[in-house]
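J.: Return atomic coordinates for the entry below.
(4 chains)
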Protein chains: 2
Amino acid sequence: MPWEKSFDEDVALDKAMQVFWSKGFDSASIADLIEHTGINRGSLYNAFGGKHSLFVKALLKYDRENRQATLARLEALDDPKRAVGEFFDNIVTSTLVDNERKGCFLFNTVLDSGTHDAQVNEIVANGLREIEGFFRRSIEVGQARGDMPQDIDPESKAKTLLALALAIRVLGRGPYTATALQTIADEAKQLIA
Amino acid sequence: MPWEKSFDEDVALDKAMQVFWSKGFDSASIADLIEHTGINRGSLYNAFGGKHSLFVKALLKYDRENRQATLARLEALDDPKRAVGEFFDNIVTSTLVDNERKGCFLFNTVLDSGTHDAQVNEIVANGLREIEGFFRRSIEVGQARGDMPQDIDPESKAKTLLALALAIRVLGRGPYTATALQTIADEAKQLIA
DNA sequence: CACTTTTTGTATCACACGGTATAAACATGC
DNA sequence: GCATGTTTATACCGTGTGATACAAAAAGTG
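T.: Numbers count the residues shown, from 1 in each chain, chains lettered A, B, ... in the order given. Here you go, the predicted structure:
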């Protein structure tokens, strides 16, 4: 069998992810994807099966390599308060370091009202659920170890922290300054201090 | 001069506002606008001058009739803590009462990355600035009157409250339940209790 | 050199977009 | 009734969209 390997499929998917991340599903055109992946129109359809299918693959890749990887790293610290603190410092610096100001691909997709597809919604909802779960577990362990206040409700506070994380990402795409974002992040950390 | 009055221009603008509010600038097509306003294609261009111009008029109308009106009403209460509390209860109920789950037109526009126009950005940025200002003034007055904690920084807390308000509106468009939204709102109120 | 498979370059399709133009229908003022 | 200006109903125009089709070029294997 000749030529069983193709171009580099994973780097192409990564490029496509950047495009969807930056522009969203609707605004990203096939022309954009072709240009940034560098591969040909036909090859793109042959390898990924179409725009929507490519979007799902890109979103899953982001969820795996960013959200899952980050949460796993922070949970491995085995230091809940520091983990939450790093989470917020991380999203602030991630926001600022990206001069495209793309924000978070998952959070962006929540708002892309056009992409309301059951599969996509499930990926996003699951991502939010797991981030909230990370906060809740961190608070529970922190309380058990006595370095977080006992009078806060882990469930409620976890939702609030998720809300603040989302807001930082969203406001970071708009006109908010670096110091304003850090201010919110510091306030978030204060909630469990 | 014959026929100096036309159809009802303001109710048409209101309908157009609903469309842009629900779908955003890009996703709202001229066909949508014609269908929901009930006026003719030519009349729409004649009266409002085009899609972008119509969008700006709709956004300004929303800002005037919703944001400005709400903030003015709450500030007139002359009871800062209750004003902030009502603000958050209000956005939760507003979110739930709308079965279209449109969220907040201003916040939605922050994320519509396509509409990055200087004029539109100014309207949105000004709206956010004034909401944050409302929170800051409320906290300052509340502290002066002794019914809010003295150890919180009005500037920081105001940013945090704005962040939470935005998050409630955004998450309300997605998969979050009524109780989850109310939980975040209650946590927001706790921040200044 | 064949043979097979992938990639590439175009060409094309049907459709939707925002916007413009045109002509008929219409309501008012003289 | 006639003139004036508005609304309506269409018909376009140019462009961009996602998607498909197909011939030619390229690459690895026998």
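
J.: Low-confidence stretches in chain A?
T.: Applying pLDDT under 70 to chain A flags the ranges A:1-7, A:114-115.

J.: Tell me which stretches of it form helices.
T.: For chain A, applying DSSP state H gives helices covering A:9-27, A:30-37, A:41-48, A:51-62, A:69-76, A:80-97, A:105-111, A:118-145, A:154-173, A:178-190.

J.: Kindly calculate the angle that the fifth one makes with helix A:118-145.
T.: Interaxial angle, helix A:69-76 versus helix A:118-145 (axes from the mean of the first three to the mean of the last three CA atoms, to 10 degrees): 20 degrees.

J.: May I have helix A:69-76 exported as PDB, CA atoms only?
T.: What follows is helix A:69-76, C-alpha atoms only, in PDB (Å, rounded to 0.1, in the frame of the first residue of the first chain):
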ATOM      1  CA  ALA A  69      -4.400  19.300  31.200                       C
ATOM      2  CA  THR A  70      -4.600  22.400  33.400                       C
ATOM      3  CA  LEU A  71      -7.000  21.000  35.900                       C
ATOM      4  CA  ALA A  72      -5.000  17.800  36.200                       C
ATOM      5  CA  ARG A  73      -1.800  19.700  36.800                       C
ATOM      6  CA  LEU A  74      -3.500  21.900  39.500                       C
ATOM      7  CA  GLU A  75      -5.100  19.000  41.300                       C
ATOM      8  CA  ALA A  76      -1.800  17.200  41.300                       C
END
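
J.: now the angle from that helix to helix A:80-97?
T.: 150 degrees.

J.: Can you give the contact residues for helix A:69-76?
T.: With contacts defined as CB atoms under 8 Å, 6 or more residues apart in numbering or on different chains, helix A:69-76 is touched by A:83-84, A:86-87, A:90, A:130-131, A:134, A:137. For the C-beta atoms, the positions are set from N, CA and C on the backbone; glycine is no exception.

J.: Among those residues, name the buried ones.
T.: Buried by 16 or more other CB atoms under 10 Å in any protein chain shown: A:83-84, A:86-87, A:131, A:134, A:137, out of those.

J.: In CSV, list those along with distance to DNA strand D.
T.: CSV is the format used below for the buried ones among the contacts of helix A:69-76 (distance: CB to the nearest atom of the strand, whole Å):
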residue, distance to DNA strand D
A:83, 39
A:84, 39
A:86, 37
A:87, 34
A:131, 29
A:134, 34
A:137, 40
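
J.: could these go into a markdown table alongside distance to chain B?
T.: Formatted as a markdown table, these follow (distance: CB to the nearest CB, whole Å):
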| residue | distance to chain B |
| --- | --- |
| A:83 | 20 |
| A:84 | 15 |
| A:86 | 19 |
| A:87 | 15 |
| A:131 | 12 |
| A:134 | 16 |
| A:137 | 18 |
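
J.: Among those residues, which one sits closest to residue B:176?
T.: Looking at the buried ones among the contacts of helix A:69-76 and their distance to residue B:176, the nearest is residue A:131, at 12.9 Å (CB to CB).

J.: Contacts only, for that closest one.
T.: A:67, A:71, A:162, A:165.

J.: Put together CSV for those residues, with neighbour count on each row.
T.: Listed next are those as CSV, based on neighbours: other CB atoms under 10 Å in any protein chain shown:
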residue, neighbour count
A:67, 19
A:71, 19
A:162, 25
A:165, 27
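
J.: Just put those residues in TSV and tack on distance to residue B:54.
T.: TSV is the format used below for the contacts of residue A:131 (distance: CB to CB, whole Å):
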residue	distance to residue B:54
A:67	38
A:71	44
A:162	36
A:165	35
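
J.: Out of the residues you listed, the closest to DNA strand D would be?
T.: residue A:67 (25.5 Å; CB to the nearest atom of the strand).

J.: mind listing what the closest one touches?
T.: Residue A:67 is in contact with A:106, A:127, A:130-131, counting by CB under 8 Å, 6+ apart.

J.: Show me which pair in these is furthest apart.
T.: Pairwise distances across those peak at 10.2 Å for A:106 and A:130 (criterion: CB to CB).

J.: re earlier: residue B:25: which of the contacts of residue A:131 is nearest?
T.: residue A:165 (26.6 Å).

J.: Excluding chain neighbours, what is closest to the closest one?
T.: residue A:91 (5.9 Å; CB to CB, 6 or more residues apart in numbering or on different chains).
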